[in-house]
Structures are given as structure tokens and as C-alpha cells.
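In: I would like the atomic coordinates for the input below:
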Amino acid sequence: MHLRVAARGSKLSRLQVEEALARIAPILGLDSWELVPVKTLGDTVWDRPIHELGGQGAFTREVDRAVLDGRADVAVHSLKDMPSTLHPELEIAYVAPRPSPRDAVITREGPPVEPWSLPEGARVGTSSLRRRSLLDTHAPHVEPVNLRGNLDTRLRKLREGCCHAIILAEAGLLRLGYKGPYKPLPVSLWPSSPGQGFIAVVAKKGSNVAERLKRAIDPGVRAEYTAERSFLEELGAGCRTPVAGTATLVDGVLRMVAAVWLDGEMRMATGKAKPREAEALGRRLARLLR
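Out: Sure, this is the predicted structure:
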């Protein structure tokens with residue numbers, strides 16, 4: 001079987017495609033595959049935060065369109081970039097396990113520290129509305145600055161002195177083989193974006209590829225991302241509302257930390273459930289925070 005895979009053209013995106021294909025190739029019996037590179041709105045507009053470009057979907061709409069119009073068989077995304085509701089003809093066919101859901105801090109000088117341990121007035125680079133809101137909550141003494149780009153670009157800007165520290169996803173650092181020091185942040189205090197760290201494969205709903213892949217998703221992975229995406233869908237927040245939600249399955253118990261910022265104030269909720277109750281857990285926490 002030959003598979004056409006639509007994805008963004010970045011280095012991290014290519015690594016995510018390769019990771020996803022390594023997992024689904026035996027399931028589909030792949031003989032070969034080809035990349036269908038797609039440039040998205042988020043890839044072409046660099047001087048504005050993501051939430052000003054429509055938030056979730058800025059990195060996925062054009063890629064999904066390649067599947068809808070027949071140029072590709074599947075699309076591969078970072079799950080955190082996907083809106084809670086997909087095009088009615090598409091569905092999530094597979095989700096690969098994540099190496100970490102956490103955020104991480106890299107500093108220009110000295111050993112990396114948590115944001116609340118940075119000096120007064122330290123400039124912290126991030127384009128994420130959620131991370132800016134977490135900084136306002138836990139480290140109001142620092143100054144958030146807009147910073148976008150791939151890992152190499154952000155590290156270069158950090159070295160050049162644009163800021164004292166940057167915050168990014170630990171999963172991206174691990175996938176790119178980053179060897180420098182960084183400080184991971186606990187999700188209990190600093191919850192991540194729903195879906196962060198997961199790689200999703202999207203296909204046409206009911207297609208042979210989708211049906212074969214859906215049966216192969218790890219149940220633990222399904223429980224975690226189902227709780228997070230159900231929370232996001234039930235909350236119904238717009239792209240300008242900061243949202244966080246992290247579910248982790250440990251020893252058979254699914255635990256979730258969720259947060260939303262309304263009128264500049266952080267509301268946080270936690271809960272636990274059995275894996276089969278993942279959707280109900282996410283929706284319950286959303287209703288608590290609305």
C-alpha cells in the first residue's frame with residue numbers, strides 16, 4: 001500500500017510524520033509513502049500571535065484540505081493545533097503516544113528555572129495565550145514577549161538577547177533531540193494545552209484507512225486525549241480565551257487538571273475517573289469552569 005501524507009514542511013512536522021508512520025505502517029501494510037507538503041496560515045504570518053490568526057486551525061485547515069480534495073490520503077498534525085470540531089467529512093483515525101505533555105523553560109544564562117524563580121522584569125518569550133496567562137498568574141513580575149518560530153529560530157533569538165527565557169513544549173524538544181538543559185514544569189501547577197505532545201492522523205470519515213487505524217489506538221492514549229478534547233469541546237471557548245487541560249493515566253486512574261481564564265482570572269479544576277469515563281471527566285471539568 002502507498003500512502004500520501006499531508007503535513008506542514010517544518011523539521012518537527014517531518015519528524016512527527018516519520019514517528020506516526022513508524023507506528024501505522026505495520027497496521028496498514030505500507031510499502032511506501034510520500035509527503036504532500038502544505039504551507040499553512042500559521043507558517044506564513046510570523047508577526048502576530050496565533051490567537052490573532054484564528055487560534056486552533058491556523059496550522060491545520062490547509063493541511064486537512066489536501067485530504068478533502070484528494071491530494072492526500074491522511075493528514076498528520078500536532079493534536080494541540082486541531083480545533084475541537086473537525087470538518088464533517090474527516091475524523092481522527094490514529095493518535096500516537098506522547099513523550100510528555102509538559103511545558104519546559106530554557107534560559108539564556110545559568111541553569112533553567114521555573115518562571116516564578118526568574119528575576120524581576122525578566123523577558124519571557126512565548127506566543128501562546130495560555131502560557132502568557134500562566135505567567136500572569138504564577139509569575140506576574142516577568143514580562144511576556146511575543147516569540148514564534150521553530151526551535152532553532154527561538155533558540156537563536158534567545159542567544160541574541162531577545163529575552164531571558166523561552167517556554168515551549170517538552171515533547172518538541174525530545175523529538176528534535178535537543179541536548180541542552182531545560183526545566184520541565186509540573187502539569188499540576190502549569191497545565192498544558194489540550195492535546196499537547198500527541199501526534200494525530202486524520203483521514204476521511206469511514207474510509208478503509210480510518211477504520212483500520214482507529215482499532216489500533218492504545219486505550220490509555222485514547223483515554224487521555226478524549227478527556228482533553230472533550231473538555232475543550234464542552235467548554236466552547238473562543239480562540240481568545242486561554243484554556244489548559246492535561247489528562248494523565250497512571251496505574252489505571254485517569255487524572256485531569258484543567259484551567260480557563262475569564263476576565264483575567266484563572267479558574268482551575270481537577271478530577272479523576274476510570275479510563276472508560278474519559279469523555280465524561282473532560283465534560284464535567286468544563287462545566288465546573290464555565
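In: thought Gly245 was touching Ala258?
Out: Yes - counting by Cβ atoms under 8 Å, Gly245 touches Ala258, with 4.2 Å between them. Bear in mind the C-beta positions are built from the backbone N, C-alpha and C, glycine included.
In: common neighbours of these two, please.
Out: By Cβ atoms under 8 Å, 6 or more residues apart in numbering, Gly245 and Ala258 have these common neighbours: 191, 231, 282, 285.
In: got the contact list for the second one?
Out: Just to be clear, that refers to Phe231. For Phe231, the contact set (Cβ under 8 Å, 6+ apart) comprises 194, 245, 256, 258, 282-283, 285-286.
In: low-confidence ranges in this protein?
Out: The model of the chain has pLDDT under 70 over residues 41-57, 238-239.
In: so which elements touch the helix or strand harbouring Asp136?
Out: Using DSSP states H and E, Asp136 falls within helix 129-138. Under the contact definition 3 or more Cβ pairs under 8 Å, 6 or more residues apart in numbering; DSSP states H and E, helix 129-138 sits against strand 143-145, strand 243-250.
In: tell me the most buried of those?
Out: Comparing these by mean neighbour count (mean count of other Cβ atoms under 10 Å), strand 243-250 ranks first with a mean of 23.
In: where do the helices of the stretch 1-150 of the chain begin and end?
Out: For the stretch 1-150 of the chain, the helices defined by DSSP state H, counting those that start in this stretch cover 11-28, 41-44, 61-68, 129-138.
In: which parts of the third one are buried?
Out: For helix 61-68, the buried set under the neighbour-count rule, 16 or more other Cβ atoms under 10 Å, comprises 61-67.
In: pick the one among those closest to Lys179.
Out: Distance to Lys179 across the buried residues of helix 61-68 (Cβ to Cβ) is lowest for Val63, with 29.8 Å.
In: I'd say that closest one and Ala75 touch.
Out: Yes - between Val63 and Ala75 there is a contact at 4.7 Å, judged by Cβ under 8 Å.
In: of the contacts of Phe231, closest to Leu35?
Out: Nearest to Leu35 among these is Pro194, at 26.8 Å by Cβ to Cβ.
In: sec struct for the closest one, please.
Out: Recorded secondary structure, Pro194: coil (DSSP: H, G, I helix; E, B strand; the rest coil).
In: now it: how far from Leu174?
Out: Separation of Pro194 from Leu174 (Cβ to Cβ, to the nearest Å) stands at 19 Å.
In: which one of those two has more residues nearby?
Out: Pro194 (30 against 14; other Cβ atoms under 10 Å).
In: mind picking the two most distant members of the shared contacts of Gly245 and Ala258?
Out: The span of these, defined through Cβ to Cβ, is set by Pro191 and Gly282 at 12.7 Å.
In: who touches both of the two?
Out: Listed as contacting both Pro191 and Gly282 by Cβ under 8 Å, 6+ apart are 245, 258.
In: buried sites along stretch 13-28?
Out: Within stretch 13-28, the residues scored as buried using 16+ other Cβ under 10 Å are 13, 16-17, 20-21, 23-24, 28.
In: oh, that last question was meant for stretch 150-168, not what I typed.
Out: Within stretch 150-168, the residues scored as buried using 16+ other Cβ under 10 Å are 151, 154-155, 157-158, 162-168.
In: test my guess that Leu21 contacts Leu35.
Out: No - the criterion here is Cβ under 8 Å, and Leu21 misses it with Leu35 at 9.8 Å.
In: now the common contact residues for those two.
Out: With Cβ under 8 Å, 6+ apart as the test, Leu21 and Leu35 both reach Val5.
In: Met1: how many residues sit nearby?
Out: Neighbourhood size, Met1 [other Cβ under 10 Å]: 12.
In: what's the spacing between it and Glu91?
Out: Met1 is 19 Å from Glu91, by Cβ to Cβ.
In: OK, contacts around Ser207?
Out: Ala93.
In: revised request: answer the last question for Arg287.
Out: Arg287 makes contact with Glu234, according to Cβ under 8 Å, 6+ apart.
In: Thr85 now?
Out: Contacts of Thr85 (Cβ under 8 Å, 6+ apart): Glu233.
In: on that earlier part again, same list, the contacts of Phe231, but as TSV with secondary structure and distance to Ala227 please.
Out: Formatted as TSV, the contacts of Phe231 follow (DSSP: H, G, I helix; E, B strand; the rest coil; distance: Cβ to Cβ, whole Å):
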residue	secondary structure	distance to Ala227
Pro194	coil	9
Gly245	strand	8
Met256	strand	5
Ala258	strand	9
Gly282	helix	4
Arg283	helix	9
Leu285	helix	8
Ala286	helix	10
